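[1] sequence-free structure coming up:
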């Protein structure tokens, strides 16, 4: 297994990897956008990546209309609840050269 594949397995869920890989040559753009979303979520939590948090505790999923949402589990969900947050709002975008995401936690 390559270092890139090991990184992808450590950071992205199976669903995220399947979605990104379905984009063919543009897969890296979707990976970058999802990484930005995970980073934005960690910033909103005010924790950064540390402790018991796993990158895969934070998953970018799309609803039936293609709107991206965050699914949080395990330690990420616990920290979110500890802050009193009940919902995470995600805005995500990417181009060939840039990826950006913003997360707002709703109490």
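    Received the coordinates, thanks. Bear in mind the structure is a predicted one, so any value in this text is a computation, not a measurement.

[2] burial count for the nearest residue to residue 107 once chain neighbours are set aside?
    Nearest residue to residue 107, sequence neighbours excluded (CB to CB, 6 or more residues apart in numbering): residue 84, at 4.7 Å. Quick note: C-beta positions are derived from backbone N, CA and C, even for glycine. Neighbourhood size, residue 84 [other CB atoms under 10 Å]: 9.

[3] look up the pLDDT of the residue nearest the centre of the chain for me, please.
    Nearest residue to the geometric centre of the chain (CA atoms, centre = their mean): residue 38, 3.5 Å. In this model, residue 38 is scored at 97, pLDDT.

[4] quick check: it is in a helix.
    Yes - checked against DSSP: H, G, I helix; E, B strand; the rest coil, residue 38 lies within a helix.

[5] OK, contacts around it?
    Residue 38 is in contact with 11, 55, 58, 60, counting by CB atoms under 8 Å, 6 or more residues apart in numbering.
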